[in-house]
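A.B. asks: Predicted model follows, preceded by the sequence.
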Amino acid sequence: MNKIINKTLIAAAVATTMVAGSAQAEEITVVSWGGAYTKSQVEAYHKPWNGYTGNTVISEDYNGGLAEIKAQVEAGNVTWNLVDVELSDAVRGCDEGILEVMDHSVLPDGANGVPAAEDFLPGALAECAVGNIVWSTVFIHDESKIQGVDGLKDFFDLGKFPGKRGLRKGAKPNLELALMADGVEPADVYEVLSTEAGIDRAFAKLDTIKDSTVWWESGAQPPQLLADGEVVMTTAYNGRVFNAIASEGKPFVINWDGQVWDLDLWVIPKGAPNQEATMDFVKFSTSTKALADQASWIPYGPLRKSSFGLVSSFHSDPSLDMAPHMPTAPANFTRALQNDFEFWADNSDQLNERFNAWLTK
Amino acid sequence: MTTANPSIDQANTLPLKEKLAKTTAIQRRRAFLLTLPLVLFLLISFVFPIGQMLFNSIHNNKVSAVVPDFATAIQQWDGQGLPSEATFEIFVKDLAKAKKVREVGRTVGNMATRINYEMPGSRSLFTKSARKAGKIKQGPYKEALIKIDKKWANPQVWLTLQRASHDISPSFYVAAMDLKYNETGEVVEADELYQIYLDNFIKTLWLAALITFICVLLAYPVAYLLSVLPLRQSNLLMIMVLLPFWTSLLVRTTAWIAILQTEGVINDLLVYFGVIGDDGRIQMIYNQTGTIIAMVHILLPFMILPLYSVMKTIQPTYMRAALSMGSKPFYAYRRVYLPQTIPGLAAGTLLVFILAIGYYITPALVGGQDGLLISNLIAYHIQKSLNWSLGAALGTMLLVVVLLLYWVYNKLIGIDKLKFG
């Protein structure tokens, strides 16, 4: 009996020291958009970082916007350590004081020795954020069902291609797409949208397909809607579509005409715990190699110039080169519009209000 | 002897009344103490947080917290022309100080967002001016500020700032009722392109009433069957009512999506049997029809169960007596059976109506664009546009409407008539 007790005590003591020892390992919660995009981050950032440092990453999903961050910060109970947000949210959150200011001097140089400040593309290093990828809103169709889609104007042409359309629910970026399909050049889109007449024109164009539109909210929906046959053409985030084409073999085609591209950035909610471990993760995940690695899982463009040369092929298919599928590839970039975050910071309230009213009428 | 009797009677009745009052008071106090934990729990977890959120609808201190001295100064302004040079000076100095603040709720961005609600496009005016305000070291401040951006010469900006400088203001209720402030600060109707809320309120009330009505029509026969069938069959039926009730709401809603969608089960069956052509598939989801079907399905148990519990207690002898005295079946039903089920009907309709008004998930998933209810708009303001004050204003209006309806309901039917069993 004594022997058993002794053995149990020794075993308990050993276990406790082991647990105490491994308590050095930190745990952070990284929040992203789910689906294939989060998978690419898990493979390229979370797992390797866990291998190097022993810290664990808990991955959570959300659908964008600052609501959860704002609620957590204002309640004083922040559980999210790092969030992947769009540029307009990063700027707005910073202005309203719900994000931590980031120190860009701690970011590592590029693999070619170029300092971080020059290696990152312009706009990627914001006051409260560090950028990671370029992503784009494109429109897709099923090649086995319809052929001969020529450009963005065909999306709004119900006569030539009858059937339903899918659009992201909200004013952005549908107003820009409507104007570009109506013949406005990308360089003039925001100028036109700054006038009442321009906004009316965009809504009038959207009116032509309003009754045939299915409104999606989460990134995984558009490929699903297209696969179900619920829609004939839909806008989508380019990376999610690629996943349906390459991994699942769907006969979808991405149309790059009139793509609206934007940046995604890492932000830290104000007052989040474990900020040291979080910054270490940010440094790792925005390094040259990590950004190039995520590009082999999903075709989102890395925001470091030094990563461009390292972008190789799809992780499970070495013959599938990723570079031509990037939003920034020259062939795809002929008629591209960068989302203007300042315009949307000013006008998203009013335009979304009008959009909601238009939607319910 | 007889004279002693009245005084003894008196001595006996008075203490009896007092004793009765005392025991009733003790009983009432005991009952209250029993409910006290629940009341406290409701207060702490429900009333206070929601009350705080609804308070946001009239309380918004984003201007006075960011530029405090200016907020006091602008309230003295008479609203004509532009504010005085002294007020401009206070504004520029406060703005420069606020630029350095990073505390949540006190940054320039917070103030910019607040003003942007009433004057769209003015957000960048504030952020840009705050960046440059620190460089204005001396007067004349009015000129310097207008030089940074000529929008500062527009009286509407200053009128809006003056309105927003009050911590308690009805601005968000103005917006929630499809009104707005014009250039001179008067309340007028908002542009037709931006009018959503009142229409949506009416649509929500109408849809909720329709859903309640359909629920009554469908639930009444089922509850009746449940109450008259022999035990074994009624148990089986009861399980069939309760099992979906216990299944997750999201699972049931997505099942409806699979059934009702254009390439779904119903449309496929109809095409297979040749009832409709392949391109004539019926659109039953992502519109109002889908919302109604899914919500009726989800709210049906809330109508069946109260009705059943009341019908179970109705003795069949009354109907038999009526019939045996020569009344027609329908007349007997209308005059004898139906009035006895009123308490169950009252409970069921109240439950279903209030649930239907506030329902959010089902319209969000299957409503498409014209199945959106007011709860979705409130959720939009809480989650997407982050205009919590407007969401709170809409929520308060919804609460007031529901309380009003409840009061009318009480006058018509009486709360003490409600029975759940």
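C.D. replies: Received it, and whenever you're ready, just let me know what you need. None of the values given here were measured: they were computed from a predicted structure.

A.B. asks: Contacts only, for the residue of the stretch 51-200 of chain B found nearest chain A.
C.D. replies: Taking C-beta to the nearest C-beta, chain A has its nearest neighbour within the stretch 51-200 of chain B at B:Gly109, 2.7 Å off. All C-beta atoms are positioned from the backbone trio N, CA, C, and that covers glycine. By C-beta atoms under 8 Å, 6 or more residues apart in numbering or on different chains, the contact list for B:Gly109 reads A:92, A:94-97, B:127.

A.B. asks: run the last query once more with 6 Å
C.D. replies: The contact partners of B:Gly109, by C-beta atoms under 6 Å, 6 or more residues apart in numbering or on different chains, come to A:95-96.

A.B. asks: Please list the residues of the stretch 51-200 of chain A that sit near chain B.
C.D. replies: Proximity of the stretch 51-200 of chain A to chain B, by C-beta under 6 Å from any C-beta of the partner chain, involves residues A:65-67, A:70, A:73, A:95-98.

A.B. asks: Whichever of the residues you listed end up buried, select them in PyMOL.
C.D. replies: In PyMOL, a selection of the buried entries from these looks like this (16 or more other C-beta atoms under 10 Å in any protein chain shown):
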select buried, chain A and resi 66+67+70+73+95+96+97+98
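
A.B. asks: Filter the residues of the stretch 51-200 of chain A next to chain B down to just the ones in helices.
C.D. replies: A:67, A:70, A:73, A:95 (DSSP state H).

A.B. asks: Now do the residue of the stretch 51-200 of chain B closest to chain A, the pLDDT please.
C.D. replies: We have a pLDDT of 87 for B:Gly109.

A.B. asks: which element follows the helix or strand it falls within toward the C-terminus?
C.D. replies: In this structure, B:Gly109 sits in helix B:108-118 according to DSSP states H and E. Sequence-wise, the next helix or strand downstream of helix B:108-118 (DSSP H and E) is helix B:123-133.

A.B. asks: Next, the angle helix B:108-118 makes with that following helix.
C.D. replies: 150 degrees (axes from the mean of the first three to the mean of the last three C-alpha atoms, to 10 degrees).

A.B. asks: name the helices or strands packed onto helix B:123-133?
C.D. replies: In terms of contacts (3 or more C-beta pairs under 6 Å, 6 or more residues apart in numbering or on different chains; DSSP states H and E), helix B:123-133 is packed against helix A:341-360, helix B:85-99, helix B:108-118.

A.B. asks: let's see 8 Å
C.D. replies: helix A:341-360, helix B:85-99, helix B:108-118, helix B:141-148 (3 or more C-beta pairs under 8 Å, 6 or more residues apart in numbering or on different chains; DSSP states H and E).

A.B. asks: how distant is the helix holding B:Gly109 from the center of its chain?
C.D. replies: The chain centroid and the centroid of helix B:108-118 are separated by 26 Å under C-alpha atoms, centre = their mean, to the nearest Å.

A.B. asks: Check stretch A:285-296 too.
C.D. replies: Worked out by C-alpha atoms, centre = their mean, stretch A:285-296 lies 15 Å from the chain centre.

A.B. asks: Residues contacting that stretch, please?
C.D. replies: A:40-41, A:43-45, A:48-49, A:107-108, A:110-112, A:119, A:130-133, A:266, A:284, A:300-304, A:306-307, A:310-315, A:322, A:326.

A.B. asks: For the residue in the stretch 51-200 of chain A positioned nearest to chain B, which residues are in contact?
C.D. replies: At 2.7 Å from chain B, A:Asp95 is the closest residue in the stretch 51-200 of chain A, using C-beta to the nearest C-beta. Neighbour list for A:Asp95: A:345, B:107-110, B:112-113, B:127 [criterion: C-beta under 8 Å, 6+ apart].

A.B. asks: what about it, distance to A:Gly163?
C.D. replies: In this view, A:Asp95 and A:Gly163 are 42 Å apart by C-beta to C-beta, to the nearest Å.

A.B. asks: Nearest to B:Gln233 among the contacts of A:Asp95?
C.D. replies: B:Thr113 (61.5 Å; C-beta to C-beta).

A.B. asks: Pull the number of nearby residues for the closest one.
C.D. replies: 22 (other C-beta atoms under 10 Å in any protein chain shown).

A.B. asks: same check, this time on B:Phe46
C.D. replies: By other C-beta under 10 Å, neighbour count at B:Phe46 equals 10.

A.B. asks: Now the spatially closest residue to A:Ser247 that is not a sequence neighbour: phi and psi?
C.D. replies: Closest residue to A:Ser247 in three dimensions, ignoring its sequence neighbours and counting by C-beta to C-beta, 6 or more residues apart in numbering or on different chains: A:Ser316, at 7.4 Å. The phi and psi values for A:Ser316, taken as degrees, to the nearest 10, are phi -100, psi 0.

A.B. asks: same check, this time on the one 10 residues further on
C.D. replies: With angles defined as degrees, to the nearest 10, A:Met326 sits at phi -70, psi 150.

A.B. asks: surely it meets A:Ser307?
C.D. replies: No. Assessed by C-beta atoms under 8 Å, A:Met326 is found out of contact with A:Ser307, at 10.8 Å.

A.B. asks: Show the residue spans covered by the strands in the chain.
C.D. replies: You didn't pick a chain, so chain A it is. Secondary structure of chain A (DSSP state E): strands at A:27-32, A:56-61, A:82-86, A:125-126, A:129-142, A:165-168, A:213-216, A:233-237, A:252-267, A:301-302, A:313-314, A:317-321, A:336-338.

A.B. asks: Switch to chain B, please.
C.D. replies: Counting by DSSP E, the strands of chain B are B:179-181, B:187-189.

A.B. asks: Can I get the buried ones among the contacts of stretch A:285-296 as something I can paste into ChimeraX?
C.D. replies: This is the ChimeraX syntax for the buried subset of these, where burial follows 16+ other C-beta under 10 Å:
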select /A:40,41,43,44,45,49,107,110,111,119,130,131,132,133,266,284,300,301,302,303,304,306,307,310,311,314,315,322,326
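
A.B. asks: Inside helices: which ones of the contacts of stretch A:285-296?
C.D. replies: A:40-41, A:48-49, A:119, A:284, A:306-307.

A.B. asks: Relative to chain B, which of the residues you listed is nearest.
C.D. replies: Using C-beta to the nearest C-beta, these come closest to chain B at A:Gln41, 23.3 Å.

A.B. asks: Which residue is the nearest non-sequential neighbour of that closest one?
C.D. replies: Nearest non-adjacent residue to A:Gln41, counting by C-beta to C-beta, 6+ apart: A:Ser32, 5.7 Å away.

A.B. asks: how many neighbours does the one you found have?
C.D. replies: Count around A:Ser32 with other C-beta under 10 Å applied: 24.

A.B. asks: circling back: to B:Gln340, which of the helices and strands packed on helix B:123-133 lies closest?
C.D. replies: Per C-beta to C-beta, nearest to B:Gln340 of those: helix A:341-360, 42.5 Å.

A.B. asks: on that earlier part again, just put the helices and strands packed on helix B:123-133 in a markdown table and tack on distance to A:Pro330.
C.D. replies: A markdown table is the format used below for those (distance: least, C-beta to C-beta, whole Å):
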| stretch | distance to A:Pro330 |
| --- | --- |
| helix A:341-360 | 24 |
| helix B:85-99 | 41 |
| helix B:108-118 | 37 |
| helix B:141-148 | 40 |
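
A.B. asks: Out of those helices, which gets nearest to B:His59?
C.D. replies: The closest of these to B:His59 is helix B:108-118. By C-beta to C-beta, the value is 12.1 Å.

A.B. asks: can you tell me how far the closest residue to B:Asn56 other than its chain neighbours sits from A:Gly239?
C.D. replies: Sequence neighbours aside, B:Ala392 is the residue nearest to B:Asn56 in space, at 4.3 Å (criterion: C-beta to C-beta, 6+ apart). Relative to A:Gly239, B:Ala392 is positioned 37 Å away (C-beta to C-beta).

A.B. asks: Read off the pLDDT value for whichever residue of the stretch 151-300 of chain A sits closest to chain B.
C.D. replies: Nearest residue of the stretch 151-300 of chain A to chain B, counting by C-beta to the nearest C-beta: A:Gly229, 5.0 Å away. Looking at A:Gly229, its pLDDT reads 84.
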